[in-house]
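S.K.: Need a 3D model of the following:
(one chain, ligands or ions: 3)
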Amino acid sequence: AYQNGHLTTGFGINSVGKIPLGLKRKGLRIVVTGGAGFVGSHLVDRLISRGDSVIVVDNFFTGRKENVMHHFGNPRFELIRHDVVEPLLLEVDQIYHLACPASPVHYKHNPVKTIISFFFTNVVGTLNMLGLAKRVGARFLLTSTSEVYGDPLQHPQVETYWGNVNPIGVRSCYDEGKRTAETLTMDYHRGAGVEVRIARIFNTYGPRMCIDDGRVVSNFVAQALRKEPLTVYGDGKQTRSFQFVSDLVEGLMRLMEGEHVGPFNLGNPGEFTMLELAQVVQETIDPNAKIEFRPNTEDDPHKRKPDISKAKEQLGWEPKVPLRKGLPMMVSDFRQRIFGDHKEDSS
Ligand code: NAD
Ligand code: UDP
Ligand code: UDP
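M.R.: Ligands and ions are numbered 1, 2, ... in the order given. Here you go, the predicted model:
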C-alpha cells in the first residue's frame, strides 16, 4: 500500500539538524533526486539498508513509484513528488543529485519545448540543489556522464580530457546540460565552499531500467524477449562499455564518502561493439534472435571506454560484474515486467 501520509509533513519543515561528523555512520539524512529512477532506486536500497534516512525527490518523468514502493511504510523513507526546477527546502547531510531526463528517445525525438525543459532540469535543477547544499552545509554529488566527452578523440577517456562535443548537434541538450551542471558544481565549490563530488557515469544497465527508453541494452533485451529483431544502428561497429548498476552504486557511495572532489569516471572498461553486444544478448536470451540494421543517429560517438585508474587509486573502486554475469540479472527482471503483465491480462 502507498503509505505516505506523513510525506507532506516532512517536506519543508524538517527539523532534524545536521548530524555531527563523528556520528555520520549512525544514520545520515540523504536526499536522492531522481531516486525513483533506475540508478536512483538502487542507490536508495543501499542507503536504506545501511541505516540512513532517505528522501526521494522525483517528478516521475521517467521514474516509477514501483521502483521504490518496497520502502513505503518505512519511517526512514520519504517520497516527494517535486520538480527540481522549483526551489526545495529540506535539512539534510548529503544530496545525491541524479534527477535528469536521461533517455535518448526523449532528447532525440521530442519537440523543442521538452528539450528546453531538459536543459532547465540540468541547469536550474542543479543550481537549486547546489543552493540547498550551500544553505544547509550538505555534501553534494552530481551524476554527470561520459557524454561530456562527446565523440572523443582520446581513447580510453581520462578525466583530464576536455571532450569533443558538438554544441549544435541533436544530442547537445544532454551533453551541454551536463557540462553546465559540472561547471555550476565547481563554481559553488570554489565560490561558496560547498563540498561537492562529480561522477562521470558510463553506460549502465540492470534491473529496473526503463523498458522502452531507447537505450541499447534495454532495446536489445526487450526485443529478444518479445521475439523481435535486434535493431543495430549504423554498422554496429561503434563501441560502448557497459557497467552493471550495483557496481555504479558502490562507486557513487565511495565517491560521496571519500575525500576527493573528482570528476571520476565510473564505468566498466570492458568494451563491446554493438554487434558484439547483440551477440551476447543472443547467447543469453535467444540464439535465433535476428539482427536488423537501422540508420544511426547523428553525432553518435564512435567509441567510448572509461579509463578508471583515478577511481581505482583514489576511491579503491573497480567494477566487479562483467556483462555476461550482469545481463542475466537484467533479463529476469525484464522477463517479469514484460510477461508478468501479459499473464495478468489473459487471466
Ligand atoms: P532514469 O531516467 O531512470 O532516472 C532519472 C530520474 O530523474 C527519473 O526518476 C526521473 O523521473 C527523474 N527526473 C527527471 N527530471 C526530473 C526533474 N526535473 N525533477 C525531479 N526528478 C526528475 O535514469 P538513470 O539511468 O537512473 O539516470 C540517473 C542519473 O545518472 C542521471 O542524472 C543520468 O544522466 C546519469 N547517467 C546515467 C547513465 C546510464 O547509463 N544509466 C549514464 C550516464 C549518466
Ligand atoms: N535554493 C533551494 N533550496 C534552498 C536554498 C536555495 O532550492 O534551500 C535555490 C534558490 O531558490 C536559488 C538557487 O537554489 O534559486 C541558488 O541559491 P543561492 O542561495 O546560491 O542563490 P541566490 O538565491 O542567492 O540567488
Ligand atoms: N543503438 C543501437 N540500437 C538500439 C539503440 C542504440 O545500435 O536499438 C546504438 C546507438 O546508436 C549507440 C549505442 O547503441 O551507438 C549506445 O546507445 P545508447 O543510446 O544506449 O547510449 P549512448 O549513445 O548514450 O551511449
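S.K.: Can you get me a residue count around the closest residue to Val158 other than its chain neighbours?
M.R.: Once flanking residues are discounted, Val158 sits nearest to Asp307: 4.5 Å by CB to CB, 6 or more residues apart in numbering. Any C-beta I mention is one placed from the backbone N, CA and C, and that applies to glycine too. Using other CB atoms under 10 Å, Asp307 has 18 neighbouring residues.
S.K.: residue closest to the middle of this structure?
M.R.: Centrality entry for the chain: nearest residue to the mean C-alpha point is Val39, 4.6 Å, by CA atoms, centre = their mean.
S.K.: Please enumerate the strands of the stretch 151-300 of the chain.
M.R.: With DSSP state E, counting those that start in this stretch as the criterion, the stretch 151-300 of the chain has strands at 196-201, 204-205, 230-233, 239-241, 243-244, 264-266, 271-273, 291-294.
S.K.: Ile95: which element?
M.R.: Using DSSP states H and E, the element containing Ile95 is strand 94-97.
S.K.: That strand - what's its average pLDDT?
M.R.: For strand 94-97, mean pLDDT rounds to 98.
S.K.: which residues sit against it?
M.R.: Outside strand 94-97, the residues that touch it by CB atoms under 8 Å, 6 or more residues apart in numbering are 28-35, 40, 43, 84, 125-126, 129, 132-133, 138-143, 252, 256.
S.K.: Pairing partners for that strand, with directions?
M.R.: Applying DSSP bridges to the sheet, strand 94-97 is found paired with strand 29-33 (parallel), strand 139-145 (parallel).
S.K.: Quickly check: it near ligand 1 or not.
M.R.: No: applying CB under 6 Å from any ligand atom, one finds strand 94-97 separated from ligand 1 by no less than 7.5 Å.
S.K.: And the helices in the protein?
M.R.: With DSSP state H as the criterion, the chain has helices at 7-10, 38-50, 104-109, 112-120, 126-136, 172-192, 216-225, 245-257, 274-284, 309-315, 323-346.
S.K.: Quick check: buried residues in stretch 257-267?
M.R.: 258, 262-267 (16 or more other CB atoms under 10 Å).
S.K.: Near ligand 1, list only the ones from those.
M.R.: Within the buried residues of stretch 257-267, nothing lies near ligand 1 by CB under 6 Å from any ligand atom.
S.K.: Relative to Ala278, how far out is Val232?
M.R.: Separation of Val232 from Ala278 (CB to CB, to the nearest Å): 6 Å.
S.K.: Please read the previous query as pertaining to Trp317.
M.R.: Distance, Trp317 to Ala278, by CB to CB: 29 Å.
S.K.: residues in contact with the residue of the stretch 1-150 of the chain found nearest ligand 2?
M.R.: Across the stretch 1-150 of the chain, the shortest distance to ligand 2 (CB to the nearest ligand atom) belongs to Gly131, at 2.0 Å. Gly131 is in contact with Pro87, counting by CB under 8 Å, 6+ apart.
S.K.: try 10 Å
M.R.: By CB atoms under 10 Å, 6 or more residues apart in numbering, the residues touching Gly131 are 87-88, 188, 192, 194.
S.K.: what does Val321 give?
M.R.: Contacts of Val321 (CB under 10 Å, 6+ apart): 206, 242-247, 268, 270, 327, 329.
S.K.: Show the buried residues in those residues.
M.R.: Buried by 16+ other CB under 10 Å: 206, 242-247, 268, 327, out of the contacts of Val321.
S.K.: what would those residues look like in CSV with distance to ligand 1?
M.R.: Below are these laid out as CSV (distance: CB to the nearest ligand atom, whole Å):
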residue, distance to ligand 1
Gly206, 9
Phe242, 9
Gln243, 8
Phe244, 11
Val245, 8
Ser246, 13
Asp247, 12
Asn268, 11
Leu327, 14
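S.K.: Spatially, what comes nearest to Thr231 if we skip its sequence neighbours?
M.R.: Arg294 (5.0 Å).
S.K.: Spell out whether stretch 299-314 and ligand 3 are in contact.
M.R.: Yes: using CB under 6 Å from any ligand atom, stretch 299-314 comes into contact with ligand 3 via Asp300.
S.K.: Span of that stretch from start to end?
M.R.: 33 Å (CA to CA, to the nearest Å).
S.K.: mind starting the numbering at 541 from now?
M.R.: Fine by me, first position is 541 from now on; the one you just mentioned is stretch 839-854.
S.K.: Sweet, I'm off.
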